[in-house]
Structures are given as C-alpha cells and as structure tokens.
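structure of the sequence below:
(2 chains)
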Amino acid sequence: MIDEDFVKSLLNGREFLKLLHQNDCLTLSCEPQHFVSFCEHLRDQETFDLLVDLTALDHGLEADIRFSTVVHIYSLVHKSYIRIHVDCMDNESPSVPSISSIFPAANWHERETFDMFGINFVTHPNLKRILMWDDYPYFPLRKEFPLAGIEVPLPAADVSEVTGAAVDPAPMMGGPFVSSGSSRLSQAEPRAKDESWTEDSEKPL
Amino acid sequence: MSTTVKEVQIGDVGAKAALHSDEGKMTLNVGPSHPTTHGVLRLMMELDGDLITRCEPVLGYLHRGDEKIAENMTYNQFVPYTDRLDYLAPLANNVAYAITVEKLAGIELPERCEAIRVLVCEMARISSHLLGMGVFGMDAGAWTPFMYTFTEREKLYSLFEELTGARFTTSYTRIGGVARDLPDGWLPKVEKFVDELPKAIEEVEKLLTRNRIFLDRTEGIGTISKEDAIAFGITGPNLRASGVDLDLRKDKPYSGYEKYDFDVPIGTRGDCYDRYLVRIEEVRQSILIIKQVIASMPKGLWYAEDAKKIFAPPKDKIMTSMEELIQNFMIVTEGPQVPPGEVYFEAENPKGALGFYLVSKGGGVPYRLKIRAPSFCNLSILEKLVPGHMLSDITVILGSLDFVMGECDR
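Modelled structure (predicted):
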C-alpha cells in the first residue's frame, strides 16, 4: 500500500515534483524535463510498471497553461495507481517528452492524445493520427471545437474531386441534443413522426 | 428536384499499396470490413510468401467521439453511450461508469444495489466470454461450438430483457443506483440458467479443448510473454493468460466483490490456447459468484437514499410529494450534481480493465471524461506480436485477443 513514508521518500530530493492530492490515488505534478527520467525511476525502482492510461486535459482558451497530459500507472506490488500531471508550457504548439521508449503501451495513447489535442510528443517514433484520418485538419477534443463538427474535405481526395462531397457537420435539425427551435414541437423532435396526428390534425380514433 | 448521378472510379487500396512493395514482398490489406477482424479493424501487412514480416493496424473506422459527446451532456444521459463501448457486455460498462461518478460524488450504495451490480456484471462476463469462445472456435475452423454458446447467450439476453427492458443496449445503471429493482421471480430464472450452463460449456470443451486440429492451430501461436504483456498495458484474460496475476476484482475490490469467494485463473505460456482456457475457467468462476450473490441477496433499496441531488426519487413519491417533484425536476434538467475534482476508476470487465478518468468542475456535466478502453490497449501489441507468424494465424490471434472495435475506437 501507498503510505506517508512512501510519498515522502518519493518526493525527497525531487524538487521537480509537487504533491497535488491523494483523494483517490497519489497525484503528482511533474516538470516536463524530468518526466522521462522520473517515469524510468517509477518503473525500475518503485514497481510502477503497468501504464494503464495516458491522456490530456484542455483547461480552456483563457487558462495560463492550457494543456496538460495526465498519466496513470499501476503497480502490481502496491496494488495502487499513481497519477502524474505534466503541464505543456507552450499554449500555441504544446509539447511534452514522449515516454513510449519506457512504456511501449504509451505509443498508441500518445498518438491518440496527439490526434485529439494536438500535443506534440517529442521523440515519439511514429507520431501520426490514430482515430481520425491522416489529413484531418482539426483537433476534436480541444474546447473550441464544436460538438457538431466542422466541414472538411473527404479523406479520399479522388472521390471528392469528382463529386465535390465533403464531411459535413452533424445536422442540427433533429440532430443530437439540439432542438431546432421550430415553433412546432412535433417538427423539432428527433423521432419518427406519425403524420396523421399533429397539432393541426386531431388524433384519429 | 433532380439529382445527377456521377460514376466514380475508386482505386483498389490493396492494389495501390502492392505497387509500392519491394523485393518480392507483397502488401496485403485486411479489413476494415472483414470477418476475421470482428468489426472494423484494418490491418496493413507486409508478406514474404506466407510469412508476415510487418503489420500495421489502422483504427478509427468506428470512432464516434464519445469523449466529446460526454462533455456535452449530463451524467445520466451518457449511460446509453457506455452500452455502445463494449457492446457484448453493456451491463458491465454501465456499472463501471456509474461507480466512477459515484466515487467522485462520494456516494455509498446500499448492499442490495451492490449485489445487483455484481450479479449483472458477472452475467455480462459470461455473455461476453461465451461469444469470445464461440467465435474463437469459428476462427479456428470449428463452427459447431459457436452454435452451442449462442444458444446460451440467447437465454441470457432473455434474462437481460426481463431485467432492463432491452436485450442489447441495457442502460441499466443510474448515478447512485440502478434503474429498477429486480423483477419478481427473476432470480430463480437466473439460478436455473447458471445451473444448466456448465453442461453447455462441457459440450464446447468436448468439441474444442482436446481437439487435435484446434490444438495445432492455437498452441504456441501468438505467444505473449509476461514482460511484453505488462509493457504493452494488456489487461483482462489476455494478461492473465500470460501468467500475470492481476484481477481488479481481487486486487482492488469494488461493489462488494470482496464478499464472494472465487479463483482467478492464470495461464502459463500466454499463447492463443491459454487465452481460450482462461476464458473457459472464468465463466465457471462467474457461475460460482452468481450462485453466491443469489444465495446472499440482501433486502433493501436498490438506490442510494441520501443522494438527494443525484438519484431521482421513486415515481410514486414524485407524484405525491412537492419536494420530491422539485428534486426530480432538478436532476432531469440540470443533471446529477457532482462536486469538482478528478477520479480514475477501473473495473475488471470481460475484455480487460475498463477505466474512466473523470474531471469535474462541479455541476451536472463532466468537464472531461476519458475512456480507457481495454481493447485499444490489447490491440497495441499487434505490431509486435503478428510479425513472424503465417497469414493463416492471423484469424486465430485476432480471435484469441477477443477485442471489440466499438470500445477500441470509442
């Protein structure tokens, strides 16, 4: 188990770490330049060797530090998680060091985080999109990206060249979560409509 | 209105890729729509004769943006979306998601609710493993076991339908409880089902476990070492088949799993055959757990009573009491009120550890919800695992990993 002594010995002599809280698991924040060596220490000396999750947070357009990556590592010995926040200093082109050389599991997680947030993982061996297609121009999980999506060209350029088709945003009318604001409720509701029964015509007996 | 129809010539992706191959090596494209890939996984492989020299998985064909959607709806509204992650075990996903939010909200659940959740989780595990085993047999060329396991799954679906109203997309949990109590006379039916299930599993085992062809195709194929399994973040039966003793139901018990007595099967070699054996044994252990839950099913409420701003009160109270009516109105319009903070919770799902990382800034909508999908992590080893195998081993390796693309792509 993780106790006070463990936390103290982990923080001792490491000024680049900061204890954030221990609500559900030990949560630290780490400076980016020491992140890789600290992860190596966790894996080799402290038995935190199962990287379960790596993701990022977008703190919003107004935040001083807009992006931070969050890593969860599990220890089979301590039977506990450790969570590390790493802030990305540059808001315009955020970047953090890649830990895929230490945890191979981080490879795909970092690709996904790059795909969704546009965070550059320096020294990642193959940093390209994983869920969206390669030429996709936006980072969908950033807070300014609209839920409905933005019109972009089709991934297959040869098809869109001939048809002029594009990837459209989700339709607002009858689309998810959004009422179109039509005066008639029966028109705005996203469900199959029984035309024989509306506000204008009475329910058939 | 008239539309013009244009004919478009789309080049064959595989043929295009083959042009770029070098020195007699061939590039083969499998998927995204191919029976082997159990969904929409696409594999770009480089072949030297029948030997695979390189394998690049391509994902994202089922990407729906669940995490973005979660940021735009209240906590309870997201429950149906969790059905569609691992759609072979929706009940287990519902439970994992609900526990995550409850952990952040600090809700204690009554014993009955926890027992119901354990019960449905184990039923979901049986359902998922039955499909995994059956389809795995089919991938190795044995059709019949699939028929046996699907007959049993059909019975499970009928039970799910009686409990939740839906066979497939159950949406059974709410934040702070479950949607409704167990129907009258439902538990004896579950008991009858688990009493009869071992017979069906025996039939499957008779057909597969010592079948010469099946052994030849699975033994020593797709071997994942202990070190690799941990390094690539593999979880669930696939990890245990490689000999790592990690079961979150035992190691970090949730929802009262510590009350029940069961074993965690561990493999020794980590090949496709071991993964099959681990799943078979897990079904047997799930049956044991279900029997214990039924025998000790506590009486009481199926929702947390003190969760005033989180769980909607029962319908009869809403209709008769002013305060409960207001409470229900607030929960429906503004969502369950969850305090600010962050939490990470993983549940031992049939496919592996399904994790939710939830960041809240207060209110009824999550600020960020990251879904840690076990299938996503389990597939990341393909790049390393597949090269060196024959092309015909692909079906067996993919079948033994038992992944679901709905969860992988989210």
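
below-threshold pLDDT in chain A: ranges please.
A:1, A:170-205 (pLDDT under 70).

going along the chain, name the helices of it.
In chain A, the segments counted as helices under DSSP state H are A:4-11, A:32-45, A:106-117, A:157-163, A:185-188.

okay, those helices, which one's buried deepest?
Among the helices of chain A, helix A:106-117 has the highest mean neighbour count (mean count of other C-beta atoms under 10 Å in any protein chain shown), at a mean of 24. In this view, the C-beta of every residue, glycine as well, is placed from N, C-alpha and C.

residues in contact with residue B:77?
By C-beta atoms under 8 Å, 6 or more residues apart in numbering or on different chains, the contact list for residue B:77 reads residue B:335.

try the one 4 residues further on
For residue B:81, the contact set (C-beta under 8 Å, 6+ apart) comprises B:66, B:69, B:70.

restricted to buried residues, select those in PyMOL.
Those of those that count as buried under 16 or more other C-beta atoms under 10 Å in any protein chain shown are selected in PyMOL with:
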select buried, chain B and resi 66+69+70
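
nearest to chain B: which residue in chain A?
Relative to chain B, the nearest point of chain A is residue A:105 (3.1 Å; C-beta to the nearest C-beta).

and that residue, how many neighbours?
Here the number of neighbours of residue A:105 (other C-beta atoms under 10 Å in any protein chain shown) works out to 24.

now swap in residue B:216 and tell me
Around residue B:216 there are 11 other residues, counting by other C-beta under 10 Å.

ok, now residue B:353?
Per other C-beta under 10 Å, the neighbour tally for residue B:353 reads 27.

off-centre distance for whichever strand or helix holds it?
Taking DSSP states H and E as the definition, residue B:353 sits inside strand B:352-360. Distance, stretch centre to chain centre, for strand B:352-360: 14 Å (C-alpha atoms, centre = their mean, to the nearest Å).

so that strand, near chain A or not?
Yes. Strand B:352-360 is in contact with chain A by C-beta under 8 Å from any C-beta of the partner chain, via B:353, B:355, B:357, B:359.

isn't the second one right up against residue B:343?
No. The pair residue B:355 / residue B:343 is not scored as a contact, 10.6 Å apart, by C-beta atoms under 8 Å.

neighbour count winner among the two?
residue B:355 (25 against 22).

hey, what's the more buried one bridged with?
Taking DSSP bridges as the rule, residue B:355 bridges to residue B:346, residue B:372.

contacting residues around it?
Residue B:355 makes contacts with A:52, A:53, A:72, B:344, B:345, B:346, B:347, B:370, B:371, B:372, as judged by C-beta under 8 Å, 6+ apart.

and the nearest residue to residue A:97 once chain neighbours are set aside, how far from residue A:76?
Excluding the flanking residues, the one nearest residue A:97 by C-beta to C-beta, 6 or more residues apart in numbering or on different chains is residue A:36, at 4.9 Å. Residue A:36 sits 22 Å away from residue A:76, going by C-beta to C-beta, to the nearest Å.

and residue B:355, what pLDDT?
Per-residue confidence (pLDDT) for residue B:355: 92.

how close does it get to residue B:170?
According to C-beta to C-beta, residue B:355 stands 20 Å off from residue B:170.

who are the contact partners of the closest residue in space to residue A:83 that isn't next to it in sequence?
Ranked by C-beta to C-beta, 6+ apart and with sequence neighbours excluded, the top spatial neighbour of residue A:83 is residue A:27, at 4.5 Å. Residue A:27 makes contact with A:19, A:20, A:21, A:82, A:83, A:84, A:85, B:342 under the criterion C-beta under 8 Å, 6+ apart.

who is residue A:27 paired with across the strands?
Residue A:27 has these beta-bridge partners by DSSP bridges: residue A:21, residue A:83.

which bits of the stretch 101-250 of chain B sit near chain A?
Where the stretch 101-250 of chain B comes near chain A, counting by C-beta under 8 Å from any C-beta, the residues are B:103, B:230, B:231, B:232, B:233, B:235, B:244, B:245, B:246.

right, and the third one touches residue A:106 too?
It stands for residue B:231. No. If you go by C-beta under 8 Å, residue B:231 and residue A:106 don't touch, sitting 9.9 Å apart.

the biggest strand by length in chain A - contacts with which helices or strands?
The single longest strand within chain A, with elements called by DSSP state E, is strand A:48-58. Here strand A:48-58 touches strand A:67-75, helix A:106-117, helix B:226-231, strand B:352-360, strand B:368-372, going by 3 or more C-beta pairs under 8 Å, 6 or more residues apart in numbering or on different chains; DSSP states H and E.

for residue B:50, find the nearest of those.
Nearest of these to residue B:50, taken as C-beta to C-beta: helix B:226-231 at 24.0 Å.

okay, buried residues for the closest one please.
For helix B:226-231, the neighbour count (16+ other C-beta under 10 Å) marks B:228, B:229, B:230, B:231 as buried.

sketch out the low-pLDDT regions of the stretch 201-350 of chain B for me.
Residues of the stretch 201-350 of chain B meeting the criterion pLDDT under 70: none.

which of the residues of the stretch 101-250 of chain B next to chain A are buried?
Buried by 16+ other C-beta under 10 Å: B:103, B:230, B:231, B:232, B:233, B:235, B:244, B:246, out of those.

what is the nearest of these to chain A?
Among those, and counting by C-beta to the nearest C-beta, the member closest to chain A is residue B:233, at 3.1 Å.

quick check: that closest one is in a helix.
No. Per DSSP: H, G, I helix; E, B strand; the rest coil, residue B:233 lies outside any helix segment and is coil.

quick one, what contacts it?
By C-beta under 8 Å, 6+ apart, the contact set of residue B:233 is A:50, A:51, A:52, A:103, A:105, B:377, B:380.

go again with 7 Å.
Residues near residue B:233 by C-beta atoms under 7 Å, 6 or more residues apart in numbering or on different chains: A:50, A:51, A:52, A:105, B:377.

look up the closest residue to the residue sitting nearest the centre point of chain B, ignoring the ones flanking it.
Centroid check for chain B by C-alpha atoms, centre = their mean gives residue B:86 as the closest residue, at 4.0 Å. Take residue B:86 and drop its neighbours on the chain: the residue closest to it by C-beta to C-beta, 6+ apart is residue B:407, 4.3 Å away.

swap in residue B:394?
Sequence neighbours aside, residue B:36 is the residue nearest to residue B:394 in space, at 6.4 Å (criterion: C-beta to C-beta, 6+ apart).

dump the contacts of residue B:81 to CSV, plus secondary structure, distance to residue B:270 and pLDDT.
Formatted as CSV, the contacts of residue B:81 follow (DSSP: H, G, I helix; E, B strand; the rest coil; distance: C-beta to C-beta, whole Å; pLDDT from 0 to 100):
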residue, secondary structure, distance to residue B:270, pLDDT
B:66, helix, 31, 89
B:69, helix, 36, 83
B:70, helix, 35, 86
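
so which of the contacts of residue B:81 comes closest to chain A?
Chain A lies nearest to residue B:69 out of those, by C-beta to the nearest C-beta, at 7.2 Å.

any idea how far the closest one lies from residue B:407?
Look at residue B:69 and residue B:407: by C-beta to C-beta, they are 15 Å apart.

residue A:108 now?
Distance, residue A:108 to residue B:407, by C-beta to C-beta: 14 Å.

check contacts around residue 65.
You didn't say which chain, so I picked chain A. Going by C-beta under 7 Å, 6+ apart, residue A:65 touches A:59, A:87.

could you do chain B instead?
With C-beta under 7 Å, 6+ apart, residue B:65 has these contacts: residue A:140.

check residue A:52 too.
Neighbour list for residue A:52: A:72, A:73, A:74, B:233, B:346, B:353, B:355, B:372 [criterion: C-beta under 7 Å, 6+ apart].

out of those, which comes closest to residue A:151?
Among the contacts of residue A:52, residue B:372 lies closest to residue A:151 (C-beta to C-beta), at 31.2 Å.

the closest one contacts residue A:55, correct?
No. Assessed by C-beta atoms under 7 Å, residue B:372 is found out of contact with residue A:55, at 8.1 Å.

need the overlap of contacts for the two.
By C-beta under 7 Å, 6+ apart, residue B:372 and residue A:55 have these common neighbours: residue B:357.
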